[in-house]
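Engineer: Return atomic coordinates for the entry below.
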Amino acid sequence: MYKLSGDSDQRLDSSRNIGAELTAVINGVKYMETNLPKIEYTIYYDYIGIEKWYDGSWKAKTAVTIGYKEFVQKRKL
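Structural biologist: Numbering: from 1, shown residues only. Next up, the predicted model:
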């Protein structure tokens with residue numbers, strides 16, 4: 001198991017927990033791409049926006065959600 005942690009990003013303050021959830025997915029994917037690029041992995045989540053912004057069911061309107069959507073869709077996860 002790999003655990004990521006870090007300082008608070010002030011840009012995420014207005015999105016509260018959502019920004020942290022999206023950042024966790026991004027950081028986890030970056031770690032896997034860099035350190036374990038040839039394995040299949042699963043992302044578990046408890047916030048439905050992780051899925052809805054990815055698949056386009058929800059429109060990404062903030063810098064945080066737009067950045068997340070662009071990141072995950074580029075990788076064709």
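
Engineer: quick one: buried residues of stretch 40-56?
Structural biologist: 49, 50, 53, 54 (16 or more other CB atoms under 10 Å). C-beta here means a position set from N, CA and C on the backbone, and glycine is covered the same way.

Engineer: Quick check: phi and psi at the first one.
Structural biologist: It stands for residue 49. phi -60, psi -30 (degrees, to the nearest 10).

Engineer: hang on, the earlier thing: can you put the buried residues of stretch 40-56 in TSV and add distance to residue 37?
Structural biologist: Shown next, in TSV, are the buried residues of stretch 40-56 (distance: CB to CB, whole Å):
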residue	distance to residue 37
49	27
50	22
53	24
54	20
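
Engineer: Local confidence estimate at residue 74?
Structural biologist: Residue 74 carries a pLDDT value of 93.

Engineer: sorry, back to before: tell me the one of the buried residues of stretch 40-56 nearest residue 21?
Structural biologist: Of all those, residue 21 sits closest to residue 50, with 6.4 Å by CB to CB.

Engineer: end to end, how far does stretch 50-68 reach?
Structural biologist: End-to-end distance for stretch 50-68, by CA to CA, to the nearest Å: 9 Å.

Engineer: same question but for stretch 40-60, I mixed them up
Structural biologist: 27 Å.

Engineer: I would like the residues contacting that stretch, please.
Structural biologist: 17-18, 21-22, 25, 28-29, 32, 65-66, 68-69, 72-73, 77 (CB atoms under 8 Å, 6 or more residues apart in numbering).
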